[in-house]
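In: One predicted model, sequence on top.
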Amino acid sequence: MLSKNLGAISIVAGTAIGAGMLGLPMAIGSLGFATGSLVLLFMWLVAIYVALLLLEINLEFGKGVNLNYMTRKILGRPGQLLGTGSVFFLFYCLLVAYLTGMGGVIANTIGLDPRIATIIFACISAVLLFSGTDFVVTANKYLFIGMLVAMVVCFATLGGQLTMDNLALGQPKAKILIMSLPVLFTSFGYHPCIPSIVNYIGDDRKTLVRIFIIGSTIPFICYFIWLTLALGSATPDQLGAMANVDHLINQMSGGSTLISTILSLFAAFALITSFIGVSFALFDLVAETFRRKDDKISRAGTTSMVFLPPLAASLLAPNGFIAALAHAGAVFTIIAIFIPCVMAWKMRSAGQNQEYRVFGGKPAIALSFVCGLVIVTASYL
């Protein structure tokens, strides 16, 4: 059971720590260390609350269901179409960001054309996903451990070249702060994986709550350290001008081949673990929505449906890393805030969810909904 719990935690944390983490310095670097840290803390608390809210809804139905089923039962056909369509759009946006980022990392490391590197990475990932749930979870667990090791080495290496004066730079501006919210919220974007985690672990509420809190806290700690190192390694103006992961690596490495290699390795692990988590959840959603069988031919077709659309988009827009994250942030808000808030409100009003209810009552649900409105608005400023 401990191994399953660790595997679930690695899916939660590994899905969160990925393109969002690598995009954080570029999104909030110009705000400065103090303001950026406070905004990061706030979004972490919002992410935990709405995760537990979605867990509350999922536990009412039990394991073996996903968002497609839950929205149909609570919100009817229109809610189902909005929810399922939003999840599909979110997953594909995230996969575009991950493929684009990974293509840049591979190209920066071994000198390949970014598009060729993206295709190679997509093919390897497709084989992994095709191999089955147990193989995916086990592989992701070890990749997540590898990412943590690479992260520690990366943090230790960068810590030696911090310029503390840089942490005092930056001029917080309301517009930039608001515009950073979609990327920040997406950085904690493991919520669509919650039904898959419940299905994998079972309906043990205490264990699931612990998994999601620990799985959320690991990214927050990593993000805080990463933000400190990034802001200490580059000026706010330099960070604000970046458009892709390879640009960030080149800037933070300061011309050192060793540091560049360590950063590239860390970025690769971060993107891969997040990519696997999203692909895992999207595969289940595609299979359930289109009633795909689990034989080899059907799995091959489902795998193609997962990878071909984002691969095509990433090849057409090789520098669309931040843009993909911003779009993902907007649609993720619909999935992780608006829909759970409406469903929980409706279920509680009907006297459901008696055994487990998230703290805060309806005022907390209303406040979360308002936060969601701000995030969506910020995505298109």
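Out: Received, thanks.
In: neighbours around the closest residue to Ile11 other than its chain neighbours, how many?
Out: Closest residue in space to Ile11, ignoring its immediate chain neighbours: Gly277 at 5.2 Å, by Cβ to Cβ, 6 or more residues apart in numbering. Quick note: C-beta positions are derived from backbone N, CA and C, even for glycine. When neighbours are counted by other Cβ atoms under 10 Å, Gly277 registers 31.
In: what helices or strands is whichever strand or helix holds Leu24 leaning on?
Out: Taking DSSP states H and E as the criterion, Leu24 maps to helix 19-28. Helices and strands touching helix 19-28, by 3 or more Cβ pairs under 8 Å, 6 or more residues apart in numbering; DSSP states H and E, are helix 33-61, helix 67-110, helix 174-186, helix 205-233, helix 236-240, helix 245-253, helix 257-289, helix 321-333.
In: quick check: angle from that helix to helix 33-61?
Out: When axes from the mean of the first three to the mean of the last three Cα atoms, to 10 degrees is applied, the directions of helix 19-28 and helix 33-61 differ by 140 degrees.
In: Can you tell me the closest non-neighbouring residue to Val65?
Out: Excluding its sequence neighbours, the residue lying closest to Val65 (Cβ to Cβ, 6+ apart) is Pro195, at 6.4 Å.
In: What are the contacting residues of the strand or helix carrying that neighbour?
Out: Assigned by DSSP H and E, Pro195 belongs to helix 194-201. Helix 194-201 has contacts (Cβ atoms under 8 Å, 6 or more residues apart in numbering) with 4-5, 7-8, 11-12, 51, 54-55, 58-59, 63-67, 70, 133, 137, 207-208, 211-212, 280-281, 284.
In: distance of the residue nearest to Ala13 when sequence neighbours are not counted from Ala117?
Out: Counting by Cβ to Cβ, 6+ apart, Ile218 is the residue found nearest to Ala13 once chain neighbours are left out, at 4.2 Å. The spacing between Ile218 and Ala117, counted by Cβ to Cβ, to the nearest Å, is 28 Å.
In: who's more crowded, these two?
Out: The residue with more neighbours, out of Ile218 and Ala117, is Ala117; 22 against 19, by other Cβ under 10 Å.
In: Skipping its backbone neighbours, what lies nearest the more buried one in space?
Out: Per Cβ to Cβ, 6+ apart, closest to Ala117 is Ile106, 3.6 Å.
In: My understanding was that the residue nearest to Ala13 contacts Ser10; is that so?
Out: No. Using Cβ atoms under 8 Å, Ile218 is not in contact with Ser10; the gap is 9.1 Å.
In: sorry, back to before: would you mind measuring from the residue nearest to Ala117 to Ser264?
Out: Counting by Cβ to Cβ, the gap from Ile106 to Ser264 is 9 Å.
In: next one: Gln251
Out: Gln251 is 13 Å from Ser264, by Cβ to Cβ.
In: Could I get the pLDDT score of the residue nearest to Ala13?
Out: Predicted confidence (pLDDT) for Ile218: 91.
In: Then Glu60?
Out: Reported pLDDT for Glu60: 85.
In: does it really touch Lys346, like I thought?
Out: No. At 11.5 Å, Glu60 does not count as touching Lys346 under the criterion of Cβ under 8 Å.
In: more neighbours, those two?
Out: A direct count of neighbours by other Cβ under 10 Å for Glu60 and Lys346 places Glu60 higher, at 19 against 14.
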